[in-house]
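Participant: Quick one, structure for this:
(one chain, ligands or ions: 1)
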Amino acid sequence: MNKIKYINGKLIVPNQPTIPFIEGDGIGKDISVPSQKVIDAAVEKAYGGSKKIIWKEVLAGEKAFLKTGTYLPDETIEAFKEYLIGIKGPLQTPVGEGIRSLNVALRQTLDLFVCQRPVRWFKGVPSPIRYPSLVDMHIFRENTEDIYAGIEYMAGAENTKKFKDFLLNEMGVDKIRFPESSSFGVKPVSKDGSERLTRAAIKFAVEKQLPSVTIVHKGNIMKFTEGAFKNWGYDLAENEFAIDTFTWRQYEKIKVEKGQLDADKALEKAKKSGKVIIKDVITDAFLQESLLRPYDYSVIATLNLNGDYISDQLAAMVGGIGISPGANINYSTGYAIFEATHGTAPNIAGTGKANPGSLILSGVMMLEYLGWTKAAEHVYDALEHVFAKRRVTSDLHAQMEGATLLTTSEFADEIIKHMH
Ligand code: NAD
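Facilitator: Numbers count the residues shown, from 1 in each chain. Now for the predicted structure:
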């Protein structure tokens with residue numbers, strides 16, 4: 001009875017759920033145990049022993065290779081399928097052509113179509129922007145399509161010639177500047193894939209009573225992929241979330257039919273009644289605007305490549321990858337893997353310098369996903385105290401005047417100490 005289930009769109013969480021975890025390569029070994037200690041302490045503090053996570057180690061990466069001869073054993077995938085929700089440290093992509101990234105393999109096998117990243121600032125954490133306290137966003141990045149699908153043809157290869165001839169001779173394409181020396185990539189963006197991503201983003205905003213969802217896209221240039229993503233998003237909001245949302249497209253329509261004043265009134269009314277505003281912005285403008293006016297953005301729905309760039313910029317605005325959490329989620333089946341967003345940091349592995357913040361906050365996202373929000377709050381509150389006291393690991397220590405340097409496990413213990 002320790003298995004989490006997903007029935008009729010709802011997670012059923014027992015009081016002692018089994019959660020599989022992958023320790024991870026490099027600093028994965030350093031941050032895994034301290035992170036679990038913090039999560040366990042928060043759960044204990046919040047529920048006084050009536051709830052508890054049963055951690056179950058599953059193998060992947062180097063550790064798996066040494067023990068089983070394979071980097072991603074079938075049992076590991078089976079465990080994530082069986083227990084529905086898991087957490088992982090960073091995994092090194094094994095060097096050598098033809099070996100798939102383990103992260104990508106896990107995402108594809110479980111069809112984890114949302115890469116979700118919350119972006120918030122903790123007081124005291126160094127930031128390159130003037131008002132980091134105004135940053136509070138949730139990125140929903142499409143995780144299975146786009147140019148990331150890996151459909152690529154190398155210049156000069158036989159397949160590439162076939163592909164090029166098809167484009168030139170059968171599709172009438174005449175815009176390839178140097179056809180003989182071109183490589184090609186294919187960018188699939190489907191209505192189904194776009195809708196499930198935007199649906200998850202809007203549902204999240206409605207449930208958490210957040211002010212807006214911004215569709216970030218390059219539809220001005222790529223009309224049938226990025227542009228379609230935007231239009232399908234607006235259609236979905238107006239058809240499936242008519243009661244809970246008001247879209248910029250509706251605003252524009254009222255403006256054309258009845259004038260600016262009426263459109264403004266409709267927008268104000270929607271905001272006052274707590275509707276989620278659905279808007280869109282071109283990606284390059286978003287990268288600038290999110291720096292200058294972060295308070296204008298809440299939930300972000302975007303395609304895979306845009307989401308990649310956006311995630312790192314927003315992470316940098318609030319303290320960098322050492323404390324940025326993430327999750328890969330299938331909101332239709334409930335499958336979710338929470339993960340540290342940084343890599344294996346081989347340059348500091350085993351030195352006690354690694355910041356466990358990213359994995360800890362990924363664990364906090366997991367607690368929220370389980371509905372154990374009281375435990376999640378304990379970690380947030382404690383982290384705020386620890387950062388305010390400037391007691392940090394070496395990555396942040398280097399940027400904070402008068403800070404006290406802590407090792408990975410000392411930092412985790414400090415968080416536990418501040419859970420009141
Ligand atoms: P990296 O994130 O491992 O390191 C980049 C820099 O950030 C390094 O200077 C590192 O010391 C520092 N850093 C990273 N995490 C830190 C932490 N928690 N605390 C303090 N400092 C930290 O990126 P990389 O060097 O490009 O990649 C190394 C390996 O990690 C590669 O094999 C790559 O494939 C893999 N990787 C895995 C994931 C994942 O599993 N999700 C993500 C990115 C990279």
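Participant: From here on, just use CA atoms for contacts and neighbour counts.
Facilitator: OK.
Participant: hey, where'd the helices end up in the stretch 151-300 of the chain?
Facilitator: In the stretch 151-300 of the chain, the segments counted as helices under DSSP state H, counting those that start in this stretch are 158-165, 191-207, 228-240, 248-258, 260-272, 283-292.
Participant: name the helices or strands packed onto the second one?
Facilitator: Using 3 or more Cα pairs under 8 Å, 6 or more residues apart in numbering; DSSP states H and E as the contact definition, the elements that helix 191-207 packs against are strand 136-142, strand 212-217, helix 228-240, strand 276-282, strand 299-302.
Participant: With the third one instead?
Facilitator: Using 3+ Cα pairs under 8 Å, 6+ apart as the contact test, the elements touching helix 228-240 are helix 191-207, strand 212-217, strand 245-247, strand 276-282.
Participant: what's near enough to touch the nearest residue to residue 107 once chain neighbours are set aside?
Facilitator: Spatial nearest neighbour of residue 107, chain neighbours left out: residue 328 (7.1 Å); criterion: Cα to Cα, 6 or more residues apart in numbering. Counting by Cα atoms under 8 Å, 6 or more residues apart in numbering, residue 328 touches 107, 112, 113, 114, 115, 116, 143, 336, 337, 338, 339.
Participant: Do I have it right that the fourth one meets residue 326?
Facilitator: No: using Cα atoms under 8 Å, residue 114 is not in contact with residue 326; the gap is 10.2 Å.
Participant: Give me every residue in this structure lying close to the ligand.
Facilitator: By Cα under 6 Å from any ligand atom, the residues of the chain that approach the ligand are 90-93, 322, 341-345, 347-348, 354-356, 395.
Participant: picking up where we left off before, now the contacts of residue 328: which count as buried?
Facilitator: 107, 112, 113, 114, 115, 116, 143, 336, 337, 338, 339 (16 or more other Cα atoms under 10 Å).
Participant: Among those, which one sits closest to residue 13?
Facilitator: The nearest member of those to residue 13, counting by Cα to Cα, is residue 336 at 13.5 Å.
Participant: Mind listing the residues bridging to that closest one?
Facilitator: Beta bridges link residue 336 to residue 85, residue 329, judged by DSSP bridges.
Participant: quick one: it and residue 244, what's the gap?
Facilitator: 26 Å (Cα to Cα, to the nearest Å).
Participant: Ok, residue 338 next?
Facilitator: 28 Å.
Participant: before we move on, what about residue 134?
Facilitator: 25 Å.
Participant: pLDDT below threshold where in the stretch 251-400 of the chain?
Facilitator: Applying pLDDT under 70 to the stretch 251-400 of the chain picks out no residues at all.
Participant: and the spatially most central residue of the chain, helix, strand or coil?
Facilitator: For the chain, residue 116 is the residue whose C-alpha lies nearest the centre (Cα atoms, centre = their mean; 2.4 Å). Secondary structure, DSSP: H, G, I helix; E, B strand; the rest coil: residue 116 is strand.
Participant: Identify the bridge partners of it.
Facilitator: For residue 116, the beta-bridge assignment (DSSP bridges) gives partners residue 140, residue 327.
Participant: Using a markdown table, please lay out the helices of the stretch 151-300 of the chain together with mean neighbour count.
Facilitator: Converted to a markdown table, the helices of the stretch 151-300 of the chain look like this (neighbours: other Cα atoms under 10 Å):
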| stretch | mean neighbour count |
| --- | --- |
| helix 158-165 | 16 |
| helix 191-207 | 19 |
| helix 228-240 | 20 |
| helix 248-258 | 15 |
| helix 260-272 | 15 |
| helix 283-292 | 16 |
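Participant: Next, the contact list for residue 55, please.
Facilitator: For residue 55, the contacting residues are 18, 19, 20, 21, by Cα under 8 Å, 6+ apart.
Participant: Provide the secondary structure category for the third one.
Facilitator: Residue 20 falls in the strand class when you classify it by three-state DSSP.
Participant: per-residue confidence for it?
Facilitator: Looking at residue 20, its pLDDT is 97.
Participant: nearest residue to it other than its sequence neighbours?
Facilitator: Nearest to residue 20 is residue 56, by Cα to Cα, 6+ apart, at 4.5 Å.
Participant: Looks like the one you found contacts residue 23 (just checking).
Facilitator: No: applying Cα under 8 Å, one finds residue 56 not in contact with residue 23, separated by 10.4 Å.
Participant: More neighbours: those two, which one.
Facilitator: Neighbour tally, residue 56 and residue 23, criterion other Cα atoms under 10 Å: the higher count belongs to residue 23, 24 against 14.
Participant: Can you verify my assumption that the more buried one contacts residue 57?
Facilitator: Yes: using Cα under 8 Å, residue 23 makes contact with residue 57 at a distance of 7.3 Å.
Participant: mind checking pLDDT for residue 95?
Facilitator: pLDDT, residue 95: 64.
Participant: make that residue 147, sorry
Facilitator: 89.
Participant: Repeat that for residue 99.
Facilitator: So, for residue 99, pLDDT stands at 55.
Participant: For stretch 389-408, which residues meet the burial criterion?
Facilitator: Per 16+ other Cα under 10 Å, stretch 389-408 contains these buried residues: 390-394, 396-397, 400, 403, 405-408.
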